[in-house]
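>>> Take this sequence and fold it.
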Amino acid sequence: MSNLDLRPAPRRCGGEGWSGPVRELQRGRQVPLGESTLVRRLLPNLGRRMVGAWCFVDHYGPDDIAGEPGMQVPPHPHTGLQTVSWLHDGEVLHRDSLGSVQTIRPRQLGLMTSGGAIAHSEESPRGHPAVLHGAQLWVALPDAHRHTAPAWEFHAELPVVRGGNGLSAIVLLGTLDTAASPGRTYSPLVGADITLQAGTDARLPVEEEFEYAVLTMTGAPEVDGVPLTPGSLLYLGTGRRSLPLRAGTGASLMLLGGVPFEERLVMWWNFVARTAEEIADARRAWTAGERFGEVRGYAGERLAAPELPSVPLKARGRTRDA
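Numbering: from 1, shown residues only. Coordinates of the predicted model:
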């Protein structure tokens with residue numbers, strides 16, 4: 001997934017976690033994505049930059065795209081991160097500069113590791129389903145692994161945790177309870193898609209040292225006593241051993257968590273780096289047609305990089321409001 005903002009603001013992320021449980025409701029902002037898709041951007045935002053190594057969260061749909069092109073994201077670059085494509089409804093066709101071509105369907109994991117450089121496109125295929133609903137997420141790579149070789153993984157089958165009392169969870173990344181995803185990770189984290197049946201009243205075991213957030217996909221669940229609506233993100237902090245979940249009617253949500261990310265980094269456009277010089281070099285390489293390779297098969301031009309901001313790009317340490 002690309003950040004298609006033509007004037008992307010620099011984001012100074014990392015080192016902002018703190019001890020103890022909290023309940024911070026983040027409602028995000030509306031951002032156009034391509035010709036016909038509108039997303040709710042929930043991370044980063046003014047109050048919260050990261051949750052563990054999760055550094056970018058977009059929620060889109062459910063959208064009726066019958067007779068519409070649906071998602072159309074031209075070839076664009078990434079550095080220093082992993083992208084996670086996750087659907088509840090619809091299909092997304094992924095192409096990348098490694099030569100990967102894969103149609104992703106609901107509850108299947110598309111996981112791309114950019115390493116030092118990769119490019120990809122995402123589009124609703126021809127003859128696509130009428131409804132599109134999902135989330136796109138980024139994971140920041142720690143310094144020791146951010147120049148690893150780029151890679152693409154696709155996992156059609158993922159482990160499921162059944163917690164009883166109407167709760168089940170698909171583990172898309174990391175480990176939850178005793179279930180471990182086959183997707184490769186580079187820091188301690190978890191991502192899970194949780195389904196709550198009508199009348200659910202359950203407690204989900206979580207890691208005390210992890211910070212967590214939940215993204216509501218459908219329904220009106222209650223998480224740790226907080227009622228939620230679709231498209232909202234509730235940041236929960238650290239210090240919990242279990243998470244209370246309730247639902248009067250059927251609901252679904254995504255659980256994102258991990259050890260607080262202590263490294264300082266800079267996010268701009270589709271790049272995650274450590275210095276302004278790295279960001280500028282990545283932009284130069286993409287503009288010059290170097291380093292990122294070519295995405296073949298997309299019917300259209302690749303995405304041009306925006307101009308660099310006039311304000312200095314700087315990494316920052318532990319601060320919530322930076």
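>>> ok, what's across the strand from the residue nearest to residue 100 when sequence neighbours are not counted?
Leaving aside its sequence neighbours, residue 100 sits nearest to residue 152 (CB to CB, 6 or more residues apart in numbering; 4.1 Å). Just so you know, the C-beta spots here come from the backbone N, C-alpha and C atoms, and that holds for glycine as well. Going by DSSP bridges, residue 152 is paired in beta bridges with residue 112.
>>> Residue 179 versus residue 152, what's the distance?
23 Å (CB to CB, to the nearest Å).
>>> Next: residue 172.
Residue 172 is 11 Å from residue 179, by CB to CB.
>>> go on, residue 260?
Relative to residue 179, and taking CB to CB, residue 260 is found at 23 Å.
>>> more neighbours, these two?
residue 260 (20 against 16; other CB atoms under 10 Å).
>>> per-residue confidence at the more buried one?
Looking at residue 260, its pLDDT is 96.
>>> how far away is the nearest residue to residue 24 once chain neighbours are set aside from residue 303?
Among residues not flanking residue 24 along the chain, residue 235 sits closest, at 4.1 Å (CB to CB, 6+ apart). Residue 235 sits 30 Å away from residue 303 when distances are taken as CB to CB.
>>> Look up which residues are beta-bridged to residue 120.
Going by DSSP bridges, residue 120 forms beta bridges with residue 76, residue 96.
>>> wait, what's in contact with the residue most central in space within the chain?
For the chain, residue 137 is the residue whose C-alpha lies nearest the centre (CA atoms, centre = their mean; 0.9 Å). Applying CB atoms under 8 Å, 6 or more residues apart in numbering to residue 137 gives the contacts 54, 56-58, 83-84, 86, 191, 256.
>>> Okay, it and residue 285: tell me how far apart.
Taking CB to CB, one finds residue 137 at 25 Å from residue 285.
>>> what does residue 54 give?
Residue 54 is 26 Å from residue 285, by CB to CB.
>>> In terms of neighbours, single out the busier of the two.
A count of neighbours by other CB under 10 Å puts residue 54 above the other of residue 54 and residue 285, at 26 against 17.
>>> The more buried one and residue 258 touch, don't they?
Yes. Between residue 54 and residue 258 there is a contact under CB atoms under 8 Å: 6.6 Å.
>>> Identify the contacts common to the two.
Common neighbours of residue 54 and residue 258 (CB under 8 Å, 6+ apart) are residue 189.
>>> which stretches of the chain have low pLDDT?
Across the chain, residues meeting the criterion (pLDDT under 70) sit at 1-19, 34-36, 314, 316-322.
>>> residue contacts, the residue of it positioned farthest from its centre?
Here the centre of the chain is the reference, and by CA atoms, centre = their mean the most remote residue is residue 199, at 28.9 Å. Residue 199 is in contact with 166, 247-248, counting by CB under 8 Å, 6+ apart.
>>> What about residue 186, how many residues nearby?
Count around residue 186 with other CB under 10 Å applied: 16.
>>> ditto for the one 10 residues further on
The burial count assigned to residue 196 is 28, neighbours taken as other CB under 10 Å.
>>> hey, what's the residue nearest to residue 24 bridged with?
Residues in beta-bridge contact with residue 235 (DSSP bridges): residue 24, residue 213.
>>> are any of the contacts of residue 199 buried, and which?
Buried residues within the contacts of residue 199, defined by neighbour count using 16 or more other CB atoms under 10 Å: 166, 247.
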